[in-house]
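Student: Sequence first, predicted coordinates after that:
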Amino acid sequence: LYAFLFSLLCQEVYFKNLSKQKQKEVMEKNGNNHKLRVCVATCNRADYSKLAPIMFGIKAEPQFFELDVVVLGSHLIDDYGNTYRMIEQDDFDIHTRLHTIVRGEDEAAMVESVGLALVKLPDVLNRLKPDIMIVHGDRFDALALATSAALMNIRILHIEGGEVSGTIDDSIRHAITKLAHYHVCCTRSAEQHLIAMCEDHDRILLAGCPSYDKLLSAKNKDYMSIISMWLGEDVKTRDYIVALQHPVTTDIKHSIKMFELTLDALISFNKRTLVLFPNVDAGDKEMVRVMRKKGIEHHPNFRAVKHVPFDQFIQLVAHAGCMIGNSSCGVREVGAFGTPVINLGTRQTGRETGENVLHVRDADTQDKILHALQLQFGKQYP
């Protein structure tokens, strides 16, 4: 599907100003050997899990495509695991590294990070001169990428547009949609949303979630060694929890309080728990402080980690007793395994979810979260 889409893009990018007769002459003269120069820009561990399958597909067709990889955002921050290394481990050449994150405690730091990216990106794009840039999702880093490419007349392919969720991510996603020229969406509802936003149906490809190919083929017989490595030798399948919770940038104070209540509920629930550090967003440092204040990093029932390689993360969520938090991973990817999910708060409001997801939108007491854990933990959904 991606190869078919790119062949259409190639025709438009190279031949958009030529008559049909001239197009035919050019193709006959050059043997139709035009290569599409594709820039894939990745900002964090989450978007790379969606972009990697596409990158592998592009790399596998060198006669058609030239791949340039640009890495920015939290990939390059030590506090978040230096996740650019997993791109190198996948044997991709990173052509450009851009340090774009301005560290801070509030929303202004995100704005400054977007501004810094906008200052640095034009030089990179002038040097690479891509025919098209692939951008994923709804992060503020992605908005800077799409803005830069659009203003420099570079075609943009947007992955996972047309979806609905809570917080500022929703606005950013729709803004990128209007900057993009081509759209690859995950669901029929997302496709209809794109059409309702006046996007050309011929430029929309309904392809499903890019990471599902990897999820559904992940049959690691040695998953117990992965569980033991991250959670301890004594942990059994379906008898631990994966927690992944991010700040809600439109209501930071409330989201931090909800995270505190979540940790209290998990402590009371008394099951081994893997807690991943939050995204780089306004409020992330305060969430880490809450973890440390409660002694999570030294608690015998908890393992707090900055990053888990995606292949191993798949196995951990596939065999967990449940997942809890407000990550999009919980409401989408985890459904592939039938793992129970507890979705807290409003960050994913509007997302399409499976029956494995229990929503606790008003997670304002420890008892509500604890009750959700009692309902979901250990279940198995189709």
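Tutor: Perfect, thanks for sending it. Residues are numbered from 1 along each chain as shown.
Student: use CA for all of it now, contacts and neighbours both
Tutor: OK.
Student: Identify, by residue count, the longest helix of this structure.
Tutor: Looking only at the chain and at elements set by DSSP state H, the helix with the highest residue count is helix 107-128.
Student: just checking, what packs against that helix?
Tutor: Contact here means 3 or more C-alpha pairs under 8 Å, 6 or more residues apart in numbering; DSSP states H and E; on that basis helix 107-128 packs against strand 94-98, helix 140-151.
Student: Just give me the neighbour total for Met224.
Tutor: Burial of Met224, expressed as a neighbour count using other C-alpha atoms under 10 Å, amounts to 16.
Student: Can you check the pLDDT for it?
Tutor: The predicted local confidence for Met224 comes out at a pLDDT of 94.
Student: how about it, secondary structure?
Tutor: Look at Met224: counting by DSSP: H, G, I helix; E, B strand; the rest coil, its state is helix.
Student: Quick check: it vs Thr237, distance?
Tutor: Remark: distance between Met224 and Thr237 (C-alpha to C-alpha, to the nearest Å) = 8 Å.
Student: now swap in Phe64 and tell me
Tutor: Distance of Phe64 to Thr237, computed by C-alpha to C-alpha: 44 Å.
Student: wait, which of the helices and strands packed on helix 107-128 is closest to Ile159?
Tutor: Among the helices and strands packed on helix 107-128, the nearest to Ile159 by C-alpha to C-alpha is helix 140-151 (10.7 Å).
Student: What are the buried residues along the closest one?
Tutor: Neighbour counts over helix 140-151 (16 or more other C-alpha atoms under 10 Å) mark Phe140, Asp141, Ala142, Leu143, Ala144, Leu145, Ala146, Thr147, Ser148, Ala149, Ala150 as buried.
Student: which among those residues gets closest to Gln376?
Tutor: Among those, Phe140 lies closest to Gln376 (C-alpha to C-alpha), at 32.8 Å.
Student: wouldn't the closest one be in contact with Met110 here?
Tutor: Yes. With contacts defined as C-alpha atoms under 8 Å, Phe140 counts as touching Met110 at a distance of 7.2 Å.
Student: sorry, back to before: between the following helix or strand past the longest helix of the chain and helix 140-151, how big is the angle?
Tutor: Helices and strands here follow DSSP states H and E; after helix 107-128, the next one along the chain is strand 132-136. On the basis of axes from the mean of the first three to the mean of the last three C-alpha atoms, to 10 degrees, strand 132-136 is oriented at 160 degrees to helix 140-151.
Student: what's strand 132-136 in contact with?
Tutor: 36-42, 47, 50-51, 142, 145-146, 149, 154-160 (C-alpha atoms under 8 Å, 6 or more residues apart in numbering).
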